[in-house]
Structure formats: structure tokens, C-alpha cells
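Chemist: no FASTA, just this:
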């Protein structure tokens, strides 16, 4: 989006290596550095692409010293402060630092991404034996190495180190003589700020469009699904499936259902959710309505190249597909949730398919009288293959309660839980995720007490017992939903919207919390066109921890498909 603002200060963590290291790894780094090879990595360059804007996400120069600790390869010691020399000045016959490098660079090293720095000193003996080499960062002693080849390891992986820094070394002999300081190596550290935007893609051509789901494959490429208008009538749409290059946001391919080039569809077709199997096949779920007859549950299987391999269209109209998962241990087990509509009620369902999508293996309609008139929106699988579904049911007129159900993989319902909210509150659990410990993390909306769509997050244990719930009245979750996912470190990433005050226009929101919700790691509010309604409806994390949001921003009173990539 055109502008974005940090709405909370990120948690800054400086992780340094202190004394312990992988000897084999650092031996390889030493050899490369000694040979004068640069160990720095260049950031990816991408050409200009229509519809994509690139944001650097780097802070300005900050010469704060930060924490200066590290590890040497010999039997040295470390310190946080010090001077260039605490011994006599060098002269003829004293030790001499002939060459000093940082990651193989002798003058300037640029560090655009988090990495280990290896400081290496090539020392020539004078009349006496060298006993140690001290390594300095911005004039502060990092530590000392007492065994050749002399080096020191330093981790550059925190925002607080951004800026231009100086590194040098001083050698000492057994007569307490010190060499002159080595030549200075300038180290320009410009690490990405956590949560900063790297690229975005906006659909500026369609009359109206929205992205409802997003996912990453094993290579780090991105898929988003949603809807695109087929005419100037917002009610006539096509399902849209789009693949992006993860690094730069280039669109690799786009598919529409029904296909473009034929008759304009008469109804509203939309892709709501997606899941990716171990072979990077993509399963998409939604509703297919080319004839305006109420819409049919639709499931499609695409190859990573965009070929439609298989599809399932439910024969009965007024059926909605909302969520899909693939068993991570069995690509032949596909599960979907959604709901069917009748004249005066709705019934949620959960169904199982094999990868051919020919017909369902089993299907369960949630018709328990206590929770009748229900809809299901989200689906996740825990570590033992059980399924967790989220949604809502209506216990009476103008009432709505969030609903969580647990099934085994054969379709047997294990338990269900309903939110115990006050009578004046209406809530919906739109999306669900499961941690490695099988805790259930949910996100949804609460209406009541003067707020129409407050963002609601909650945590359940594996047995369905609630142990934490929060309502943020400045964050929003509208009728299109909101989303949650969990990264490889167990952090929780939420997607929704943010409003500075009640009644203000909404900005798309992405928020990252630590596993126990003790710390907000970062939170980004993204404003598109001035005064418009912008929403992040879905969120995903790739194998490297980069975060992807998908949704829409509004221009000329019409929603425009939006996808963006953010630093971890």
C-alpha cells in the first residue's frame, strides 16, 4: 500500500555468539576470509514490475554500539569495553597486523541481511612471539584470540546495529608490546526492520477484486485466491487464483474460474481458502456460480504451473466452501469446511476427499439441535491428525455465538465448544490455527457494547478449554473475516484491520505476537488510498519466516486486490 505506519515498537533482540561455535562452519569461513573472498550476500535485484512497489524497510544510519560480545576461535576472552592498547606502543621488531578483514573485505563490507561477521587478523611476528590479538568494534573491545589464525565472531542480526561502523584489530607479544591498530574496515549494516514491507501487488485493472486467502509453497513462492469482477456489476465475478514469485512479487500466472474469454458469468463466484501439499499442488475451495442459481461448493486442484488437474462441484446449490487443509503426512487426504443455506437456517459441514476430488469419502453435517443453524469458516489439523473447525451458530434471533468443533480424521466428532459471551455480544470465530503443542489459536469478531467489529483472539487447550481471550476495539474484523497463522518459531501472526478511533476508516493490519502472547513483536498498519477502507483478510508465513498479507484496499469506492510481503 502507498504508505504504512508502525503502530507499536518492535521487540529488538540482539543475538550474539559467545564463545561456543560450530568449528567446522567457522573453519570454512576462516579459509574463505583468509583467501580474501567476500562472505557478504548481495540482496536480490529485481527489475521494475507493473503493479509492484518495493519498500526497503531499512532504518537510517544508527551508530549505537549496542551489545558488543562475541566469540573467538582460540582461548581468548571477551569484554564490553576497552581501549586500543593497554601495553607499550609498537616500534621496530614489534608485532604488526599485516592484513585485517571482515568477512573477507578489507575496506567496506555491506550487510543487508542478518549474518555472522568474521573478523580476521593476519599478524606478523616481530622480535617476540605474538600472544593475542584484540578485536574492536566502534572502539569497544569485542574480545581476544590467543591462537593463530586470529579471528573473532560477531553476530549482526538486530535493528539496533543499523548504520556505519568501524572494526579493527591490535596484536600483542609476550613482552607486552602492542602493534599499531590495523587498518579500519567500515561495516555498513542495514538490516531490515521486522515487519517492514518488502513489496506489494495491487490489482489496478479490475473494476473490483478481493484476495481472501494466501499460502506459501516449499520454494517460497506465494499463491493468493479470491474474486475478480467480470463486468461493472459487482455481483458477477470469477474465482481468481494467482501465483507470485516470493522474492520480488512478480506474477507468475493467473487463473480464473469460470475462464475469461467466454460468456460473462451471471452469478458470484469466489475462492475463499487454499492449501498446498508436499508436491506443491494447490487445493482451492470456494463457491462456483456461473448461472446465478445460488452457488455450489467448488474444490479445485492445480499444479504449481497453474494446470487445473481436478475439480469437484457440489450438485446442490447454496453450498459454500470456506476452508481446506491437506494432511501433512498424506497428500491423499483433503478436508474442507463450509456451510449450506436453506430458507431460514444454515448448516455447517466438514468433508473428506482424496486427491482425485471425485467424491467425498465422508461428510458430517453439524445438525446438533443445541448448535443448529451454524456456519463453519476455518479449518486446521493438529499433530495427531485431528481436525479443528471454527465458525458460529445462532441460538436465537439476533444472537450469534462462536463455535469450535474437533473431529478425528474419520469424521467422528470428539467435542464442540461455544463461546460463553455475555447476552449482548455476538461473536464469530473466522479462522483457526494449531501450535506444535496442539494449543488452538483462534481469531474472529465480536459485536456489541458499541462496537460493530472488534478483533477477538482466543486460545484453547487441546481439550477445548479456554485459557485466554482478548478483544481489541481498535482492531477490526469485518464480515469478510480475519486470519491467523503460526511461524516455525511458534510466533502467532494475525491479519485484520486497524482503526485509530471509532468510526475512522480502517487500515489493513498485520500483527506478530510471541508464542505466549507476552510480547508484541511488531504490528503494522497499512494505509492505502487516503480515507479508504483497507483490510488484510488472510496471512501466511513462508519457510524463511517472511510474512504475507492478502486482502484489499479501496479506491473509487471499489475494493482492489492486494498482496504484500513483510520482513520477519
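Modeler: Looks like it arrived, so ask away. No experiment lies behind these values; they were computed from the predicted model shown.
Chemist: tell me the domain ranges of this structure?
Modeler: For the chain, automatic domain parsing gives the domain ranges 3-189, 197-566.
Chemist: winner for burial among the ones you listed?
Modeler: Mean neighbours per residue, mean count of other C-beta atoms under 10 Å, is largest over the domains of the chain for domain 197-566, with a mean of 20. Glycine gets a C-beta too; all of them are placed from N, C-alpha and C.
Chemist: point out where this protein drops to low pLDDT.
Modeler: 1-92, 158-160, 503, 530-531 (pLDDT under 70).
Chemist: show me where it has helices.
Modeler: Counting by DSSP state H, the chain has helices at residues 23-34.
Chemist: any idea what residue 213 is bridged to?
Modeler: residue 225 (DSSP bridges).
Chemist: going forward, count from 891.
Modeler: Sure, I'll start counting at 891 from here, so that last one is residue 1103.
Chemist: residue 1443 touches residue 1093, doesn't it?
Modeler: No - Residue 1443 lies out of contact with residue 1093 (C-beta atoms under 8 Å); the separation is 9.8 Å.
Chemist: spit out the residues that contact those two alike.
Modeler: Contact criterion C-beta atoms under 8 Å, 6 or more residues apart in numbering; residues shared by residue 1443 and residue 1093: 1450, 1452.
Chemist: distance check, the residue lying closest to residue 1194 once chain neighbours are set aside against residue 1141.
Modeler: With sequence-adjacent residues excluded and distances taken as C-beta to C-beta, 6 or more residues apart in numbering, residue 1194 is closest to residue 1170, at 4.3 Å. In this view, residue 1170 and residue 1141 are 17 Å apart by C-beta to C-beta, to the nearest Å.
Chemist: strands of the stretch 1141-1290 of the chain, residue ranges please.
Modeler: In the stretch 1141-1290 of the chain, the segments counted as strands under DSSP state E, counting those that start in this stretch are 1141-1147, 1160-1166, 1172-1178, 1186-1192, 1198-1203, 1209-1216, 1224-1231, 1236-1243, 1250-1255, 1264-1271, 1277-1283.
Chemist: contacts for the first one?
Modeler: Translated: strand 1141-1147. 939, 941, 1091, 1111, 1118, 1128-1135, 1159, 1161, 1178, 1188, 1190, 1192, 1195-1196, 1198.
Chemist: if we use 7 Å, what do you get?
Modeler: Contacts with strand 1141-1147, where a contact means C-beta atoms under 7 Å, 6 or more residues apart in numbering, come from 1091, 1111, 1118, 1128-1135, 1159, 1178, 1190, 1192, 1196.
Chemist: strands paired with it, and their directions?
Modeler: strand 1127-1134 (antiparallel).
Chemist: next one: the last one
Modeler: Next to strand 1277-1283 in the sheet, as set by DSSP bridges, lie strand 1264-1271 (antiparallel), strand 1291-1297 (antiparallel).
Chemist: which residues are contacting it?
Modeler: 1225, 1227, 1238, 1240, 1261-1272, 1290-1297, 1299, 1308, 1318-1322, 1324, 1330, 1332.
Chemist: same thing with the third one?
Modeler: Strand 1172-1178 is contacted by residues 1113, 1115, 1129, 1131, 1147, 1159-1166, 1185-1192, 1203, 1210-1214, 1216, 1224, 1226 when judged by C-beta under 7 Å, 6+ apart.
Chemist: hey, where'd the strands end up in the stretch 1341-1458 of the chain?
Modeler: Under DSSP E, counting those that start in this stretch, the stretch 1341-1458 of the chain gives strands at 1341-1350, 1356-1366, 1373-1376, 1382-1388, 1397-1403, 1410-1417, 1424-1431, 1437-1445, 1448-1456.
Chemist: who wins for proximity to residue 985 among those strands?
Modeler: Minimum separation from residue 985 across the strands of the stretch 1341-1458 of the chain (C-beta to C-beta) falls at strand 1410-1417, 45.9 Å.
Chemist: was I right to think residue 1222 contacts residue 1243?
Modeler: No - using C-beta atoms under 7 Å, residue 1222 is not in contact with residue 1243, being 9.2 Å away.
Chemist: so residue 1020 sits against residue 1011, correct?
Modeler: No - judged on C-beta under 7 Å, residue 1020 makes no contact with residue 1011 at a distance of 9.7 Å.
Chemist: please enumerate the shared neighbours of these two.
Modeler: Common neighbours of residue 1020 and residue 1011 (C-beta under 7 Å, 6+ apart) are residue 1061.
Chemist: how far away is the spatially closest residue to residue 1201 that is not a sequence neighbour from residue 1414?
Modeler: The spatially closest residue to residue 1201, leaving aside those adjacent along the chain, is residue 1190, at 4.6 Å (C-beta to C-beta, 6+ apart). Taking C-beta to C-beta as the measure, residue 1190 falls 32 Å from residue 1414.
Chemist: thanks a lot, see you next time.
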